[in-house]
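Got a sequence here, can you build the structure:
(chains A and B)
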Amino acid sequence: MSTTSTVGDVQPERAYDPRVAMEQLAGLDNATRVTSERFVFAWEGAGECMEIVDTVYPEAPVSNEAAGRIATYAREANKASQSEHQAAVAGHQSTVAQFAVDGSALRAEYSAPQEAQTAAAPLQGSSLHPDVLDALTNRSGWMNN
Amino acid sequence: MAVLKKLMGGLSAQKEAQRKADLYRKLLHHEAKIGGELFGPVAPGGRREFFCLDKRTWVWHEEWIDQNGQHQYATTRYDFRPNGIVKSQNGQYRQVTYQEARNLRNAMSMYRERIKNELYSFVA
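This next block holds a predicted model:
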């Protein structure tokens, strides 16, 4: 099947008119012609059937009574949503409070050792040569050397 | 010679017509597959096809496995007439409900967009 058809130049995003595509079928190979014809057929068939539905079974306008019911449902749903939201917020706040307590406990437990370790860190595990290390820890002596 | 030429021409035309029919059937099959995807998932072991047979006729074919493990199928044909849609199933005819008509309309709208984008993009 050839795919070098010029029919592809028709921009489908614009108001699509399959007849325009049909007019450009001249000169195409048979397979492409059959494919195009089937597409136009299905496109137009769907369009015509949709028109019948819109005519015979139009989208029902919302009556005043139905509109009232919808408004009531919406209000109820909104209330339910608000209470769910409040419950969720309360739950979240409780979790946050719990986390804060846990966090302070954690900080109390670990802050001292962490500070101690941080202070000791520059001298521990250093790859510096022992002489240099000595010089750094005893700067004046190193300077004198 | 003229008879032979005529005969050959006839055979060639017949072959060409057969090729067109085969291609048309394949296209229809692809459309039916795309159409079958418009209505949600199909149960395991089942199959659904929905397609535009001609400009006023749509077909829904469904196959499924029933509670007894038996293979079942149903073909529903929707005939669009100026005064409404008639649905035929197992030889029985009846008017479609309002909701079914609206659902069909939505399905047809999606159908033509999907076949345009997924099947006929090079000619559309």
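
pLDDT weak spots in chain B?
Within chain B, the ranges that satisfy pLDDT under 70 run B:1, B:4, B:7-8, B:124.

Go again with 90.
Counting by pLDDT under 90, chain B contains low-confidence ranges at B:1-22, B:24, B:39-44, B:54-55, B:89-91, B:120-124.

Equivalent analysis for chain A, please.
A:1-37, A:59-145.

rerun at 50
Counting by pLDDT under 50, chain A has low-confidence residues at A:1-13, A:92-129, A:132-133, A:135-145.

Tell me how it divides into domains.
Domain segmentation of chain A under automatic domain parsing yields A:7-56, A:64-117.

Could you list the buried residues of stretch B:78-98?
Buried residues in stretch B:78-98, defined by neighbour count with 16 or more other CB atoms under 10 Å in any protein chain shown: B:78-80, B:85, B:87, B:96. Where C-beta positions appear, they are placed from N, C-alpha and C, glycine not excepted.

All the helices of chain B, in order from the start?
B:2-36, B:98-118 (DSSP state H).

With distance to A:Val56 added, can I get those in TSV?
TSV is the format used below for the helices of chain B (distance: least, CB to CB, whole Å):
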stretch	distance to A:Val56
helix B:2-36	22
helix B:98-118	7
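
out of those, which comes closest to chain A?
helix B:98-118 (4.0 Å; CB to the nearest CB).

center of chain B - which residue?
B:Phe51 (2.9 Å; CA atoms, centre = their mean).

surely that one meets B:Ala32?
Yes. Counting by CB atoms under 8 Å, B:Phe51 touches B:Ala32, with 3.9 Å between them.

Quick check: neighbours shared by these two?
Common contact partners of B:Phe51 and B:Ala32 (CB atoms under 8 Å, 6 or more residues apart in numbering or on different chains): B:Val59.

Write out the residues of chain B neighbouring chain A.
For chain B, the residues in contact with chain A (CB under 8 Å from any CB of the partner chain) are B:16, B:19-20, B:23-24, B:27-28, B:31, B:52, B:54-56, B:58, B:80-85, B:98, B:101-102, B:104-105, B:108-109, B:111-112, B:115-116, B:119-124.

Mind giving me the ChimeraX select for those residues, buried ones only?
Buried residues within these, by 16+ other CB under 10 Å, are selected in ChimeraX with:
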select /B:20,23,27,28,31,52,56,58,80,85,101,102,104,105,108,111,112,115,116,119,120,122,123,124
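
Measure how buried the closest residue to B:Trp60 other than its chain neighbours is and give me the count.
In space, and not counting its chain neighbours, B:Trp60 is closest to B:Thr76: 4.3 Å by CB to CB, 6 or more residues apart in numbering or on different chains. For B:Thr76, the tally of surrounding residues (other CB atoms under 10 Å in any protein chain shown) stands at 15.
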